[in-house]
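> Return a 3D structure for these sequence lines:
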Amino acid sequence: MFARPCLFETVSLFALCVFLSGACFGAERSDGAIDAVIAAPPAHSAGIWRTKSQPVFDPAERTLIRRMYMVWDPMPERDLDFVWIPSALRDDEEGKVNGVGRLIWRVKGKPAYDPASIFAEYRGVMRDGRADGEGTYFDTTGMSYKGSWRDGLMDGLGTLMLPGGDEYIGQMRAGKAHGAGRYIEVTGEIFDGSFVEGKREGIGTTTLPDGSSYRSRWVQGQETEDSRRVRLAQSGGQLAQAGGGDVRIGIWVDKSKARERGDLVYAASSSGAQLMIQPDNPRLMSMWKGNGEIELKDDEEGQTSEYGVFSLNRGQLLPLTLVVEVQNRSAMPIAVAGAYLAVGSSVSDLQPAIQLNRALTICAEAPYKPTFRAENFGWGPAENAEMHFGFANPNLSGQPHPDVAKRVGNIVRTVNIDLEPELRAAGVDTAKLAASSKSGFVCRSGLSKPACLEQVKSTGIFGSIASQVGLRNDTSDIYVSARGTLDYNWRGGSQTRSSPYNVLLPLGHIKIEAECGEGGEREVVAANALQLRLDQTGYRLPISFQRSIPAGRTSQYEVTLKAAKSSQHDFTVVLQLADGREISSRPVNLVYYLPSWFWGK
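Just a heads-up that it's a prediction; the model follows:
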C-alpha cells in the first residue's frame, strides 16, 4: 500500500508542514517517488514568546488606542510579524492574548495593507497566547484546519485539509491524528478506522476509488501483507496487472493564486465517491444556497468597488484551476497520449443571489437613512418579491412578530427600498430625524450615552417603536432593526425562496468625532481556461497532455475552467493511455459562481 507523505505530523498554530522538502509533499508533487511512510516534518527550533504594541480601533470612542499583546511563536526561524484583531474590544485585555478574534502572521518588510504579506491566519479562541478552543487555521501552503485546539495544537475533533487535496476528518491529540478518523486521498480512496500518533493502526475499512471496499489491517501506518492480498482480490486483480494497471487520478484545487481573503477561490470536499467543488466562501454559499441572512454586515458595507458578498469585482474572480495528479503505482512505466474532460451535464444556475446593501460609510457617524438596496447578482430575476418584518431592538436577539408587509416587486438587478412610510406609520417623527441627521442629538454634559438616548426617547420622536431603538455596539449610533424575510419566486413561479434578514436602520447619532482609514488596492489575476458550455449534456473538452510516467512515480498538470454564467457541472477527467486504455477520475460536481453584473465594471 502506498501512503502519502507528511500527513498527520504534529501541527501547531502555524507550523503546518511549511518547509516543503522532499520528505514533505515536495517529492511526490514533482514526479518524485511515492514515499511508503507517513513522514514527520523536519525538526524545528523551540518556539518563543513574541510581544508587540499595536494600534486597535475603538468603535465606541471612534479612535485608535494602543495595546501590548503577547503570543506564542512556534517557528521563530521564519521571523514573522503578528497582528491580533479582537472580535469584541470590550472583552479584550493587554498581555497574553485571550478571547475570540483573528491572529494574523505576516512577512516582515512588506506593507501591512499588502495581502501578499499574510502567511497564515487563525480565527477562533485564544487562551494565554495560544490557540485553545474552537478555531480555524489556513496558510499560504493551502493547508487548513477547522476544529478543536489545546495549547496551540490541534486536539479534539476537527477537519484537516492538506495542500495536495488529501483530507482527514476525526480525532486529534497533541497535533496528530489519534483515535477514530477518516482519511480521504485525493484519488478518492477512503480509509475509515483508527489512528495512533498520526498513523493508521489496527482494523479499518478501505474504500477504493471504484467504490469497492474491504476490511484492511494496519501496523504503524503500514498495511499488512495479508490485507494487501485482500485488496488485490477486491480490485479483481486489476492492481496486479502489468503496464499500468494501478494508475490513479487525483484532483485538487489550486488556491495559490489568491492574494487575499476577498478573492473568490474554490474548495474541494468528498461526498461519498463524488468530489464536490464549490466557492470557498461559507458566507456566499449560505446566502445563495443556504439559509443565511442576506443583509450585509458592517464590515461588508460600502459604496466603493470592493464591498459586499455577491458583488465581486473582476480582480477578485480568480480562475478555477484544478490540479490533475496522475499516480503510476504499478511496476511498469506508462505513456499518456492525451486526456479530456467528459462532461455529463452543464446547467445554468438561474437562482437569484440577493444582498441587502445600506451603502453606508461605516466609520462615519450614523445618519438618518431609512433606505437600502436589494441587489441581485444572480442570473435569474427574483419575481413578486415581498418583505415581511417587524421592528426590533438591535441589541436583543429573537424574531419579532412580522406585522409589516411591503411589496418589492421584481428584482432584476437593483431595487431601492424605503422604509420611511413604515416608520411614519409607527409614529416616528421622520422629519425631525432627517433634520438632526448631520448635527446629531446633543444632551447636557455629564450624561452617559445610554442616558442621553433615553432623554431623546422621552421627546416622543421614535413613536411606538421607542422601546426597540438602541445604541449599536456601545457606540453613539442610534439604530432600530428591521427583521424578517424576503419572500420571492423565480423561474416563473416554479421555485420559491424565503431569505431571512436583519437590516439595521440608522436613525441618527450622538455627536462624536470620527476617522476613516484606507485600504490597499487589489491585484487583478487572469488566466486562460477551458470554457464549460451551458445547458448541454454529454460533451468533451480535450486537454493537451502527453507524458511518460515511470513506475512508482507521480505527474501532474493544471486544468483551468470557466463558464459564462453561474452554473452546475458534472464531469470526470479521463486519461488516454498510448495502449488505447482510458482511466477516469472519480465523478466531480462543480458549483460555479459568476455575478451577473459587476459593481464599477
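> rest of the way, CA atoms for contacts and neighbours
Fine.
> Flag every buried residue along the helix or strand hosting E422.
Applying DSSP states H and E as the criterion places E422 in helix 420-425. Under the neighbour-count criterion of 16 or more other CA atoms under 10 Å, helix 420-425 has L423 buried.
> The stretch 501-601 of the chain: strands as residue ranges?
Remark: strands assigned in the stretch 501-601 of the chain by DSSP state E, counting those that start in this stretch are 530-531, 536-543, 547-549, 553-562, 567-577, 582-584, 588-592.
> re the thing from before, next SSE after the helix holding E422?
Trace forward from helix 420-425 with DSSP H and E and the next one is helix 430-435.
> for stretch 500-520, what is the average pLDDT?
Taken as a whole, stretch 500-520 has a mean pLDDT of 67.
> How about stretch 453-473?
90.
> cool, and stretch 268-279?
Averaged over stretch 268-279, pLDDT sits at 84.
> hmm, who's touching it?
Contact with stretch 268-279 is made by 165, 167, 184, 188, 209, 211, 252-253, 264-267, 285, 586-593, as judged by CA atoms under 8 Å, 6 or more residues apart in numbering.
> Which ChimeraX command selects the buried ones in the residues you listed?
Command for ChimeraX that selects the buried part of those, burial taken from 16+ other CA under 10 Å:
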select :165,167,184,188,209,252,253,264,265,266,267,285,586,587,588,589,590,591,592,593
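> Below-threshold pLDDT in the stretch 51-200 of the chain: ranges please.
Along the stretch 51-200 of the chain, the parts satisfying pLDDT under 70 run over 60-62, 111-116.
> Then the stretch 251-400 of the chain?
Low-confidence segments of the stretch 251-400 of the chain (pLDDT under 70): 259-261, 302-306, 361-364.
> again, only this time at 90
251-265, 267-275, 280-282, 297-308, 311-319, 321-334, 336, 338, 358-367, 394-400 (pLDDT under 90).
> rewinding a little: indicate which one of the strands of the stretch 501-601 of the chain is closest to S227.
strand 553-562 (23.2 Å; CA to CA).
> Would you quantify the distance from the residue lying farthest from the centre of the chain to I510?
No residue in the chain sits farther from the centre than R444, which is 47.4 Å out by CA atoms, centre = their mean. Relative to I510, R444 is positioned 12 Å away (CA to CA, to the nearest Å).
> Just give the nearest non-adjacent residue to the residue nearest the centre of the chain, would you?
For the chain, the residue nearest the mean C-alpha position is N281 (3.6 Å; CA atoms, centre = their mean). Spatially, and ignoring its direct neighbours in sequence, N281 is nearest to L264 (7.4 Å; CA to CA, 6 or more residues apart in numbering).
> pretty sure V230 is in a helix, no?
Yes. When classified by DSSP: H, G, I helix; E, B strand; the rest coil, V230 is found to be part of a helix.
> Renumber starting at 51 from here on
Okay, using 51 as the starting number, the last item reads as V280.
> give the contact list for it.
Y264, S266.
> what's the neighbour count on S526?
The tally of other residues near S526 (other CA atoms under 10 Å) stands at 26.
> Quick check on it: phi, psi?
Phi and psi for S526, reported as degrees, to the nearest 10, are phi -90, psi 10.
> what does G179 give?
Dihedral angles of G179 (phi, psi; degrees, to the nearest 10) stand at phi 80, psi 0.
> dump the residue contacts of it.
Per CA under 8 Å, 6+ apart, neighbours of G179: M120, V121, W122, K146, V147, N148.
> Drop anything exposed from the residues you listed.
Buried members of the contacts of G179, scored by 16+ other CA under 10 Å, are M120, V121, W122, K146, V147, N148.
> from those residues, which single one is nearest R298?
Among these, and counting by CA to CA, the member closest to R298 is W122, at 41.5 Å.
> Specify the beta-bridge partners of the closest one.
W99 (DSSP bridges).
> was I right about it contacting L130?
No. Here W122 does not reach L130: they are 11.7 Å apart, not a contact under CA atoms under 8 Å.
> can you dump the C-alpha coordinates of stretch 377-388 into PDB?
Only the C-alpha atoms of stretch 377-388 are listed here, as PDB (Å, rounded to 0.1, in the frame of the first residue of the first chain):
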ATOM      1  CA  GLN A 377      -0.200   8.300  -9.900                       C
ATOM      2  CA  ASN A 378       1.500   5.400 -11.600                       C
ATOM      3  CA  ARG A 379       1.600   2.900  -8.700                       C
ATOM      4  CA  SER A 380       2.400  -0.100 -11.000                       C
ATOM      5  CA  ALA A 381       5.800  -1.800 -11.600                       C
ATOM      6  CA  MET A 382       5.800  -0.700 -15.300                       C
ATOM      7  CA  PRO A 383       6.100   2.700 -17.000                       C
ATOM      8  CA  ILE A 384       3.100   4.100 -18.800                       C
ATOM      9  CA  ALA A 385       2.700   6.500 -21.700                       C
ATOM     10  CA  VAL A 386      -0.100   9.100 -21.700                       C
ATOM     11  CA  ALA A 387      -1.300  10.100 -25.100                       C
ATOM     12  CA  GLY A 388      -3.900  12.600 -24.100                       C
END
